[in-house]
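**Student:** Have a look at this fold, sequence not included:
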């Protein structure tokens, strides 16, 4: 609960035990409070269009609301009604019809970043510009240097970075490096939480996915992971663009504390493709640990390889890093298996559009 208070004594936090009570921030000369209960508003009937783009380190988009007869015919929004306000959370659930009836699945949380009143001809809309947790981390800059002197694992360091932005990090099938390596890790003044996370992730074989409820999940996307969903049979493919290209790097060299290690992508190296990338990592004190650092960074670069795109009717529970496969006789006689690298969600009631563009990445 940010407050405009500049006293030297600081603030004391307290809260009522009941969920319907308040959270308090107190000082000798001031008391601030905020209700614990949530004010909610269902906007399903007013939604005209939604376009949201999810990427590994970015989530942005917009929601268009009918502003002509909003809220069940009560007239246009003269101003955004409570709780439509900049900074408030928006929970979006994508729906589908099944033999069991209407079902829905909630995507990663987004927050209102801007509000725009629009009129085109005789059509009035209220556009909510939204963004996700990565943008919150981008804005969360450090006022002073933060030093992790080597007593905490990478997972613990990442947990603290997320916590400073108000997000809770959990782990699921994380790499051994994430929990066993205790780095000397420094976050410079003015660095954003996103920059710090990317610096740590660069030497791990893990990625972060964003489930709902202001949460984050660290996991290692293994090349051998099993398929979680199949397109092309019961779930139609509208458009397929399958792409094959080499990873950015053919070799990564790590220079540690009096140690050296390397990792090589031999198919790329045999063709003379990709870069030779050199990294400095003082946490690596032996050739083995330096080689493990190099291998983890090589894996990160491989995950970023563009493997194409498919367009489908929405798979409402799909998330980044999921493993999917598909069959299309006009593309390949064999099943294609890829990892989800990006999702663009598209709903437009005025044009009858409801679909998903899925960016594919390497396994």
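**Tutor:** Structure's in. What do you need? Please read all numbers here as calculations on a predicted model, not as lab measurements.
**Student:** Show the subsequent helix or strand relative to the lowest-mean-pLDDT helix or strand in the chain.
**Tutor:** When each helix and strand of the chain is scored by mean pLDDT, DSSP states H and E, helix 70-73 comes last, with a mean of 48. Downstream of helix 70-73, the first helix or strand assigned by DSSP states H and E is strand 89-90.
**Student:** got a list of what the residue lying closest to residue 227 once chain neighbours are set aside touches?
**Tutor:** Using Cβ to Cβ, 6 or more residues apart in numbering and skipping residues adjacent in sequence, the residue nearest residue 227 is residue 325, 4.7 Å away. C-beta: built from backbone N, CA, C; applies to glycine. Counting by Cβ atoms under 8 Å, 6 or more residues apart in numbering, residue 325 makes contact with 227, 229-231, 335-338.
**Student:** now residue 232
**Tutor:** Residue 232 touches 326-328, counting by Cβ under 8 Å, 6+ apart.
**Student:** Just want the most central residue of this protein.
**Tutor:** residue 210 (4.7 Å; Cα atoms, centre = their mean).
**Student:** Next up, phi/psi of that residue, please.
**Tutor:** phi -120, psi 100 (degrees, to the nearest 10).
**Student:** confidence score at it?
**Tutor:** Looking at residue 210, its pLDDT stands at 94.
**Student:** That one and residue 137, how far apart?
**Tutor:** To residue 137, residue 210 is 10 Å away according to Cβ to Cβ, to the nearest Å.
**Student:** rewinding a little: looking at the contacts of residue 325, state which has the most neighbours.
**Tutor:** residue 338 (23 neighbours; other Cβ atoms under 10 Å).
**Student:** averaged over its residues, what pLDDT does the helix or strand where residue 254 lies have?
**Tutor:** Per DSSP H and E, residue 254 falls inside strand 249-255. Summarised as a single mean, pLDDT over strand 249-255 is 97.
**Student:** other SSEs contacting the next helix or strand after it?
**Tutor:** Following strand 249-255 in sequence order, the next helix or strand is strand 260-264 (DSSP H and E). Applying 3 or more Cβ pairs under 8 Å, 6 or more residues apart in numbering; DSSP states H and E, we find strand 260-264 packed against strand 249-255, helix 287-303.
**Student:** what's the distance between the helix or strand just after strand 260-264 and the middle of its chain?
**Tutor:** Stepping forward along the backbone from strand 260-264, the first helix or strand reached (DSSP H and E) is helix 266-271. Distance of helix 266-271 from the chain centroid (Cα atoms, centre = their mean, to the nearest Å) equals 32 Å.
**Student:** by contact count, what packs against helix 266-271?
**Tutor:** So helix 266-271, by 3+ Cβ pairs under 8 Å, 6+ apart, packs with strand 249-255.
**Student:** helices or strands up against the strand it packs on?
**Tutor:** In terms of contacts (3+ Cβ pairs under 8 Å, 6+ apart), strand 249-255 is packed against strand 260-264, helix 266-271, strand 275-280, helix 287-303.
**Student:** Now with 6 Å, please.
**Tutor:** strand 260-264, strand 275-280, helix 287-303 (3 or more Cβ pairs under 6 Å, 6 or more residues apart in numbering; DSSP states H and E).
**Student:** What mean pLDDT does the first one get?
**Tutor:** In other words, strand 260-264. For strand 260-264, the mean per-residue pLDDT is 97.
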